[in-house]
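Novice: I would like the atomic coordinates for the input below:
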Amino acid sequence: MSVWGHFVAFSKCTALLSLRILLLVPAGLPVHSQGDSLSDNKVMDNITVRQGETLILRCAQGDIVTHTAWLNRSSILYAGDEKWSVDPRVSLVTLNQEEFTIKIENVDMTDEGQYVCAVQTSSRPTTTVIHVLVQVPPKIIDLSRDIVVNEGSNVTLMCQAIGKPEPFISWKRISSSGDLATDDDYLEIPSISRQRAGTYECTAVNDIDTDTQTVDITVNYAPTVSDGRDVGVTLGHRGVLECEADAVPEADFEWYKDDRRLSNGFDGIEIVHTGSLSRLTFFNVSDGDYGNYTCVAINKLGSSHTSFLMYVVIEPTSSTLLQGPKAVQDGNGTAMGVHLDTCLFVIMFIPFLMKF
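Specialist: Below you'll find the predicted structure:
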């Protein structure tokens, strides 16, 4: 037989088979039939299934069944025990005079819609219509990336999700207070401050499940330096000046004595920066180390500074107690020396006064 002959034979076979299906399932598959005594049309309740689950479609038969088929919209899934669908998820479960059941595994949104069971019995054809609803858990599909902004900028965060039923979107700031929240796809933060920096959580929720993702906001701001504290140090001892700065990004530090910038290792000093803290250490304080110092904290948004005074403290000894007012200084003049002088004067004259 020629190729054309094979094609003609195949076309006739397809036409006959299609004709049998069309006779079995009338065009349009009416859901309600009024006054039709030749066929029965039944509308079943909706079936709701979650995405990823297995859908079972059952069709009751009865009498002597001559033809039977399951259809999805315009596609034939099964005609009797013959599978027409090429979808591997579709399979036959039961086929007998009482029941014609198929299943669809790992259901997806594309499986939603109308399904028809068409049965031809010895008495009349019947159709059963089932509408399948597929529920889909929420999934966040579009979310703002982590951002870095300068203090005072306007910030907008976006969170969009899909799902069925349609997900409800909400935002909140993850902190002890949770002081910023909204029920919208977009979160607006006008003129953001450093206190608003942190992690923000978007939640998408529907009747099926919840999806949550987070966005980090980093707020840059200029340094703020804590007030310097004066330090008294004894000659030849160890002295430490500490400078702390609050800044994002972290500040770089510079140290000055009067107008001269200090370098690490210069004149026996050590400068160490650890995060927000800078420490200036004198391992063996000399006379030239006493005086005024300035710490400057700098980042790309600005700078801040504070001043320190390192003054001399003389340790009291048995010899210095006899030297009077020049013995001890505590950074407040010679007050302690005056008190010691008065005390020694009283002690020296007590025996003399007792003679009278």
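
Novice: and stretch 60-74, C-alpha only, in PDB?
Specialist: Only the C-alpha atoms of stretch 60-74 are listed here, as PDB (Å, rounded to 0.1, in the frame of the first residue of the first chain):
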ATOM      1  CA  ALA A  60     -21.000   5.800  38.900                       C
ATOM      2  CA  GLN A  61     -22.200   3.600  36.000                       C
ATOM      3  CA  GLY A  62     -24.900   1.000  36.200                       C
ATOM      4  CA  ASP A  63     -27.100  -1.100  33.800                       C
ATOM      5  CA  ILE A  64     -25.100  -2.500  30.900                       C
ATOM      6  CA  VAL A  65     -22.400   0.000  29.900                       C
ATOM      7  CA  THR A  66     -21.400   0.000  26.300                       C
ATOM      8  CA  HIS A  67     -19.100   3.000  26.200                       C
ATOM      9  CA  THR A  68     -17.500   5.200  28.800                       C
ATOM     10  CA  ALA A  69     -15.100   8.100  28.800                       C
ATOM     11  CA  TRP A  70     -13.500  10.800  30.900                       C
ATOM     12  CA  LEU A  71     -12.900  14.200  29.400                       C
ATOM     13  CA  ASN A  72     -11.200  17.400  30.500                       C
ATOM     14  CA  ARG A  73     -12.600  20.300  28.600                       C
ATOM     15  CA  SER A  74     -12.000  19.300  25.000                       C
END
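
Novice: Next, the buried residues of it.
Specialist: 61, 65, 67-72 (16 or more other CB atoms under 10 Å). To be clear about C-beta, it is placed using only N, CA and C from the backbone, and glycine gets the same treatment.

Novice: State the mean pLDDT of it.
Specialist: The pLDDT scores in stretch 60-74 average 84.

Novice: which other residues reach that stretch?
Specialist: Stretch 60-74 is contacted by residues 20-21, 24-25, 29, 57, 59, 76-80, 85, 95-100, 102, 111, 113-123, 128 when judged by CB atoms under 8 Å, 6 or more residues apart in numbering.

Novice: and those residues, which are buried?
Specialist: Buried among the contacts of stretch 60-74 by 16+ other CB under 10 Å: 21, 24-25, 57, 59, 76-79, 85, 95, 100, 102, 111, 115-121, 128.

Novice: out of those, which are inside strands?
Specialist: Using DSSP state E, the members of these that fall within strands are 57, 59, 76-79, 95, 100, 102, 115-121, 128.

Novice: With Asn264 as the reference, measure out to Asp258.
Specialist: 18 Å (CB to CB, to the nearest Å).

Novice: So between the two, which is more surrounded?
Specialist: Asn264 (12 against 8; other CB atoms under 10 Å).

Novice: okay but the more buried one is in contact with His273, surely?
Specialist: No: using CB atoms under 8 Å, Asn264 is not in contact with His273; the gap is 9.6 Å.

Novice: Would you mind writing the CA trace of stretch 149-157 as CSV?
Specialist: Extracted in CSV, the C-alpha atoms of stretch 149-157 (Å, rounded to 0.1, in the frame of the first residue of the first chain):
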residue,chain,number,x,y,z
VAL,A,149,20.7,54.1,52.1
ASN,A,150,21.8,57.4,53.7
GLU,A,151,19.9,58.7,56.7
GLY,A,152,17.0,60.9,55.5
SER,A,153,16.4,59.0,52.3
ASN,A,154,12.9,57.8,51.3
VAL,A,155,12.6,54.0,51.2
THR,A,156,10.1,51.8,49.4
LEU,A,157,10.0,48.0,49.9
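
Novice: Flag every buried residue along that stretch.
Specialist: Across stretch 149-157, burial judged by 16+ other CB under 10 Å covers 149, 151, 155, 157.

Novice: now the helices for the stretch 1-150 of the chain?
Specialist: 3-24 (DSSP state H, counting those that start in this stretch).

Novice: pLDDT below threshold where in the protein?
Specialist: 1-44, 63, 176-180, 317-356 (pLDDT under 70).

Novice: domain parsing for it?
Specialist: Domain ranges of the chain: 39-136, 144-220, 226-312, 318-354, per automatic domain parsing.

Novice: I'd like the buried residues of stretch 149-157 as TSV, with secondary structure and distance to Ser303 appended.
Specialist: Supplementary listing: those in TSV, determined by DSSP: H, G, I helix; E, B strand; the rest coil; distance: CB to CB, whole Å:
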residue	secondary structure	distance to Ser303
Val149	strand	20
Glu151	coil	15
Val155	strand	25
Leu157	strand	31
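
Novice: ok, the residues you listed vs Asp45, which is closest?
Specialist: Relative to Asp45, the closest of these is Leu157; by CB to CB it sits at 42.2 Å.

Novice: what's across from that closest one in the sheet?
Specialist: Leu187 (DSSP bridges).

Novice: My guess is it contacts Gln213. True?
Specialist: No: the pair Leu157 / Gln213 is not scored as a contact, 11.0 Å apart, by CB under 8 Å.

Novice: biggest separation within the buried residues of stretch 60-74, which pair?
Specialist: Pairwise distances among the buried residues of stretch 60-74 were taken by CB to CB; the largest, 20.4 Å, belongs to Val65 and Asn72.

Novice: Tell me who's in contact with Ile102.
Specialist: Counting by CB under 8 Å, 6+ apart, Ile102 touches 56-57, 70, 77-78, 90-93.

Novice: Tell me the one among those nearest to Val49.
Specialist: The shortest approach to Val49 among those belongs to Ile56, at 9.0 Å (CB to CB).
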